[in-house]
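Enquirer: The sequence isn't on hand, but the structure is:
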């Protein structure tokens, strides 16, 4: 096995190549959970002997993974004490025009993202922007893409909580023995941020004006509603015509499905009797159609209801959209147990504001579809299980702003100061900050544990292990040699070539994965050229974070895709010029601030 060679690679290298390509293919072509794909890749590399036990599971004990997990607790303390909401309340205000609105919105997002994590910041701002847009009398779609862009660009400026930055920093430290400072990418990142923001503002006419998806439930004829007849309904055996169910205020009956699944499409005969377990499918205005529940004793339910009292009247309506990668895509809610598993009921479905002429539970769902759901009054909407399927538009969690707000801010300030002034490494100061957050009750132990994204930690660990396999088996050296043969021995050409490759790949794969897989290649190229690898890796941070052209590569792009009612091409039109401006300026500043120096 050890003497096997094909095209210059040994068996271990070929296993690694197949594994990495397999991971890419599975992530792009299937809906399998990303963390499971990476765990499977780790298992394959270990079982085949490419990596030993220490190497295969080194990702889970890496400083990067531990820092991301601990910093999640610190960020939970900040969010649950209302720091974000306080900043939003005092910063946004009421700008005079659209240009100033963009500036006032993007600036705080860019500042907060490297401190609190891009996903956390954008998640909070999405709800705020929707309300703010109404005050400014503009569509949210004109504001949501800019906050996603500002978050990604601002995130490059600090190595603190952003996973991909920590991955590259950790790789540099493990290979050189020197830590990459917290503010190492700050100056190039800030210049890139300014270039990206100015480009976004200058080309603001390219930002689309899309109807917000949830407004589809406010306009007549944009949705369908399915209502169930309980077995104890007093109107059983009476006809549709007698009850006046065919044409009601705000809508019309488009389908009657009897309890035995026999369907009668519109027009439903006036003499058709109503029976327990029947389902009535209406198209029309949501408020009027839901009034039928009270008037005729109907319910929203995913299973047969024998008594009207079985369904709680305290349940509330929530709107959510189908996320990219959701296992609900290309399925029907009625064919599975999703409703029962999550204690919610599908009431209506809208797609780009247009009516879907069939029962909601029979609709084959697509990414971006907007769902109207009936949920318990205090339903937890940010669980891992739900988060992988749906992104809710609203949140009932409004933190109290008080002394704990100042306390949590002080804790984070001290943590950063301890690290910046070299008193202790980030990992130690983060552990202290997380402990103080819990002791001072800035967040509860339950909130702290829920804040840790275990799936993300598995993905980061898997990405690190794949990067290790690429480096160990010589693939990184081979790729870097190939790039050198094309680009020549000019270090600037090599830096730009690899950065460009990373910038393209990051539009289709997660930013963290790209950073972990390209880091060993970039490092190897720098070493083979005989140059200090620090500027090469900082350039990689810039390139990996430049995910602006598609909604699928960046988590924050996906967060705004549904609420903004966007189409795929909306990101390309505004994202491409922003990406070019950000990359050109930031990488130019990397070269100026960190001159390419021979070892």
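Expert: Cool, the structure landed. Please read all numbers here as calculations on a predicted model, not as lab measurements.
Enquirer: Which pLDDT does the model give residue 315?
Expert: Taken from the predicted model, the pLDDT recorded for residue 315 is 57.
Enquirer: Begin at 24 from now on, thanks
Expert: New numbering, starting at 24: the last item is residue 338.
Enquirer: Surely residue 254 touches residue 299?
Expert: Yes - with contact defined as C-beta atoms under 8 Å, residue 254 and residue 299 form a contacting pair (3.5 Å). (C-beta placed from N, C-alpha, C; glycine too.)
Enquirer: how does this structure divide into domains?
Expert: The domain map for the chain lists 88-235+428-477, 237-415, with the assignment taken from automatic domain parsing.
Enquirer: thinking residue 553 is in contact with residue 619, fair?
Expert: No - the pair residue 553 / residue 619 is not scored as a contact, 10.5 Å apart, by C-beta under 8 Å.
Enquirer: Of these two, which one has the most company?
Expert: Comparing residue 553 with residue 619 by other C-beta atoms under 10 Å, the one with more neighbours is residue 619, at 18 against 11.
Enquirer: That one and residue 512: what is the separation?
Expert: In this structure, residue 619 and residue 512 are 12 Å apart, going by C-beta to C-beta, to the nearest Å.
Enquirer: Next: residue 199.
Expert: 22 Å.
Enquirer: more crowded one of these two?
Expert: Ranked by neighbour count (other C-beta under 10 Å), residue 199 and residue 512 place residue 199 first, with 15 against 11.
Enquirer: what are the phi and psi values for the more buried one?
Expert: When quoted as degrees, to the nearest 10, the phi and psi of residue 199 stand at phi -110, psi -20.
Enquirer: That one reaches residue 560, doesn't it?
Expert: No - checked against C-beta under 8 Å, the pair residue 199 and residue 560 is beyond contact range at 9.7 Å.
Enquirer: So residue 276, which state does it fall into?
Expert: For residue 276, the secondary structure call by DSSP: H, G, I helix; E, B strand; the rest coil comes out as strand.
Enquirer: contacting residues for residue 203?
Expert: Contacts of residue 203 were listed using C-beta atoms under 8 Å, 6 or more residues apart in numbering, and they are 182, 191, 192, 195, 196, 557, 560, 561.
Enquirer: Report the buried members of the residues you listed.
Expert: For the contacts of residue 203, burial is judged from neighbour counts taken by 16 or more other C-beta atoms under 10 Å, and it is met by 182, 191, 192, 195, 557, 560, 561.
Enquirer: thinking again about what came up before, go through the contacts of residue 203 and name the one nearest residue 222.
Expert: Nearest to residue 222, judged by C-beta to C-beta, of those is residue 561 at 21.4 Å.
Enquirer: what pLDDT does that closest one get?
Expert: Listed pLDDT for residue 561 reads 97.
Enquirer: and it, what is it in contact with?
Expert: Remark: with contacts taken as C-beta under 8 Å, 6+ apart, residue 561 is in contact with 203, 207, 208, 211, 613, 617.
Enquirer: Could you check how far the last one is from residue 577?
Expert: Noted for residue 617: a distance of 25 Å to residue 577, by C-beta to C-beta.
Enquirer: who's more crowded, the two?
Expert: Taking residue 617 and residue 577 together and counting by other C-beta under 10 Å, residue 577 has the greater number of neighbours (28 against 19).
Enquirer: nearest residue to that one other than its sequence neighbours?
Expert: residue 570 (3.9 Å; C-beta to C-beta, 6 or more residues apart in numbering).
Enquirer: from memory the one you found sits against residue 175, does it?
Expert: Yes - the pair residue 570 and residue 175 qualifies as a contact (C-beta under 8 Å) at a distance of 6.2 Å.
Enquirer: looking at this, residue 395 is in a strand?
Expert: Yes - for residue 395, which was evaluated using three-state DSSP, the result is membership in a strand.
Enquirer: Count residues in the vicinity of the closest residue to it other than its chain neighbours, would you?
Expert: The spatial neighbour of residue 395 that comes closest, neighbours along the chain excluded (C-beta to C-beta, 6+ apart), is residue 371 at 4.1 Å. Residues within reach of residue 371, counting by other C-beta under 10 Å, total 28.
Enquirer: element containing residue 371?
Expert: If you go by DSSP states H and E, residue 371 is part of strand 368-373.
Enquirer: Ramachandran angles for residue 179?
Expert: phi -80, psi -10.
Enquirer: now residue 296
Expert: In terms of degrees, to the nearest 10, the main-chain angles of residue 296 are phi -80, psi 150.
Enquirer: do you know how far the closest residue to residue 549 other than its chain neighbours is from residue 543?
Expert: By the measure of C-beta to C-beta, 6+ apart, the closest residue to residue 549 outside its immediate chain neighbours is residue 556, 3.8 Å from it. To residue 543, residue 556 is 10 Å away according to C-beta to C-beta.
Enquirer: cool, and residue 438?
Expert: If you measure residue 438 against residue 543 using C-beta to C-beta, the figure is 30 Å.
Enquirer: same check, this time on residue 46
Expert: 15 Å.
Enquirer: Spatially nearest residue to residue 145, not counting backbone neighbours?
Expert: In this structure, residue 145 finds its nearest non-sequential neighbour in residue 579, 4.4 Å apart by C-beta to C-beta, 6+ apart.
Enquirer: so the one you found makes contact with residue 147?
Expert: No - if you go by C-beta under 8 Å, residue 579 and residue 147 don't touch, sitting 11.7 Å apart.
Enquirer: Quick one: the helices in the stretch 174-323 of the chain, in order.
Expert: 186-199, 209-225, 263-266, 309-319 (DSSP state H, counting those that start in this stretch).
Enquirer: Take the ones you listed and write them to TSV, including mean pLDDT and distance to residue 129.
Expert: Rendered in TSV, the data for those read as follows (pLDDT from 0 to 100; distance: least, C-beta to C-beta, whole Å):
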stretch	mean pLDDT	distance to residue 129
helix 186-199	93	20
helix 209-225	97	5
helix 263-266	86	54
helix 309-319	74	34
